[in-house]
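Participant: Task: produce atomic coordinates for the following.
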Amino acid sequence: MTDETRAEPRAFRFRGTWQDYAPIAFTNLLLTIVTLGIYSFWGRARTRRYLWSRTIFIDDRLEWTGTGLELFVGYILAFLFFVLPFGIINLVLQGVLMRGHQGAAALLVGVLYLIALFLIGVARFRALRYRLSRTLWHGIRGGSDRQGVAYGWSWFWRSLVATLTAYLMMPWSMARLWNERWNTMSFGSLHFRSDARWQPVFGRFMLFYLAPVVLFFAILAMIAIGIGAGMMAGIKPGAPPPAGAIVTFALLGIAFYLVFFGVLGVIAAAFFSAFFREAVGATSLGDLEFGFEARTMDWVKLFVGNYALVIFTFGVGYIFVPYRNWAFFIRHLAAYGSVAIDTLTQSQTRAPGQGEGLLDAFDVGAF
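Facilitator: Got it, this is the predicted structure:
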């Protein structure tokens, strides 16, 4: 049985290839460079049109109707109303510091941080709302009537709770925010429902939470062993070590650096994969239930492949990262149940007029 035959029964299927996407990616890169970055908004819309058009859900392809102009206008509005004022306030902050008012400067920084935290929440909500409103299936689109202000406040206080508890409440915050965002979204006449729980993933989170502490003490143990070995080899404290010892310690340092971030990365992927399976698996749309089948090593392979692609191409390979991420997501996304297409009507939610400019302005968005 071929891969194609096995893939047919799946609700979600991706039919794109990197060879077909390459001309789009390189053209976007060239035009973005020539226009000093301005074309990136049109390039992003062009990329989404390709990826959506190669994605099949049950019996029809998805369609992306967003435009580069919408993304550009959204970014300009975000810049004028948020980024520019923050820049002016930053100049005021420098003036306050130069006058020796450290207390007032610290207070101003704290206020700016809290405002930014609220706006990031609004940005994440509005970005999802915009993307659903520009995604068509059988001519039906998604969206939400909410503006994102309530979600911004939820993001604000739940993030503060997670921070004030030394991030021990982070899984709780992530699960609750996922539920709140998706429970306000709809597609056509159907409403999304989500009831993700944080308890099933808390064990993996604690493993990730405690791993740096364990690795830190491992560093101290290695240093102590190295000092002990040096003393046994006759190296006196304060005396310059021989060249061989320097090389050995340098290699050990590099090896430990790679192991530290490698192990921490795998543990982080283990937590993220578990959370994503829980969150997607708890999300439904009408009679449809969703699932996500990627395991820890699937995420590790994706991230390692992305980093290798960027590093070994001196950054040029980054243009293929959106393709890889989307293909990964669709190929591991599953749906169970049925959709009554005859009774599915067009969404009555208000479609936003601009793109996710605020998300771009704060640089917190994923593709």
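Participant: Show me the shaky parts of the stretch 51-200 of the chain.
Facilitator: 101 (pLDDT under 70).
Participant: In this model M98 seems to touch A104, though I could be wrong.
Facilitator: No: between A104 and M98 there is no contact under C-beta atoms under 8 Å: 11.9 Å. Every residue, glycine included, has its C-beta placed from N, CA and C.
Participant: More neighbours: these two, which one.
Facilitator: A direct count of neighbours by other C-beta atoms under 10 Å for A104 and M98 places A104 higher, at 13 against 9.
Participant: show me what contacts the more buried one?
Facilitator: V96 (C-beta atoms under 8 Å, 6 or more residues apart in numbering).
Participant: element containing it, please.
Facilitator: In this assignment (DSSP states H and E), A104 forms part of helix 102-133.
Participant: And the spatially closest residue to R10 that is not a sequence neighbour, which helix or strand is it part of?
Facilitator: Leaving aside its chain neighbours, R10 sits nearest to A334 (6.8 Å; criterion: C-beta to C-beta, 6 or more residues apart in numbering). A334 is located in strand 333-336, with elements delineated by DSSP H and E.
Participant: Who are the contact partners of the nearest residue to R126 once chain neighbours are set aside?
Facilitator: Nearest non-adjacent residue to R126, counting by C-beta to C-beta, 6+ apart: G148, 4.6 Å away. Going by C-beta under 8 Å, 6+ apart, G148 touches 121-123, 125-126, 129.
Participant: same thing but 10 Å
Facilitator: Shown in contact with G148 (C-beta atoms under 10 Å, 6 or more residues apart in numbering): 119, 121-129, 155, 181, 184, 352, 358.
Participant: likewise T27?
Facilitator: Contact partners of T27, counting by C-beta under 10 Å, 6+ apart, are 39, 43, 46, 319.
Participant: Buried residues in the helix or strand where it lies, which are they?
Facilitator: Here T27 sits within helix 18-34, counting by DSSP H and E. Residues 21, 24-25, 28-29, 32 are the ones in helix 18-34 that count as buried (16 or more other C-beta atoms under 10 Å).
Participant: what element comes up after that helix heading to the C-terminus?
Facilitator: Assigned by DSSP H and E, the successor of helix 18-34 is helix 40-53.
Participant: Check the offset of that following helix from the chain's centre.
Facilitator: Relative to the centre of its chain, helix 40-53 is centred 18 Å away, using C-alpha atoms, centre = their mean, to the nearest Å.
Participant: elements contacting that helix?
Facilitator: helix 18-34, strand 63-64, helix 68-78, strand 135-137, helix 321-332, helix 357-362 (3 or more C-beta pairs under 10 Å, 6 or more residues apart in numbering; DSSP states H and E).
Participant: Specify the local secondary structure of R146.
Facilitator: On the three-state scheme (DSSP: H, G, I helix; E, B strand; the rest coil), R146 is labelled coil.
Participant: my guess is S273 contacts R204, does it?
Facilitator: Yes: between S273 and R204 there is a contact under C-beta atoms under 10 Å: 8.6 Å.
Participant: Overlap of the contact sets of these two?
Facilitator: T296.
Participant: ok, F12 - contacts?
Facilitator: Contacts of F12 were listed using C-beta under 10 Å, 6+ apart, and they are 55-58, 62, 290, 329-335.
Participant: F314: helix or strand, and which one exactly?
Facilitator: Applying DSSP H and E, one finds F314 in no helix or strand.
Participant: Let me know how buried it is, in neighbour terms.
Facilitator: Using other C-beta under 10 Å, F314 has 8 other residues around it.
Participant: Equivalent analysis for M174, please.
Facilitator: By the measure other C-beta under 10 Å, the count of residues near M174 is 21.
Participant: Would you agree it is in contact with A196?
Facilitator: Yes: with contact defined as C-beta under 10 Å, M174 and A196 form a contacting pair (8.4 Å).
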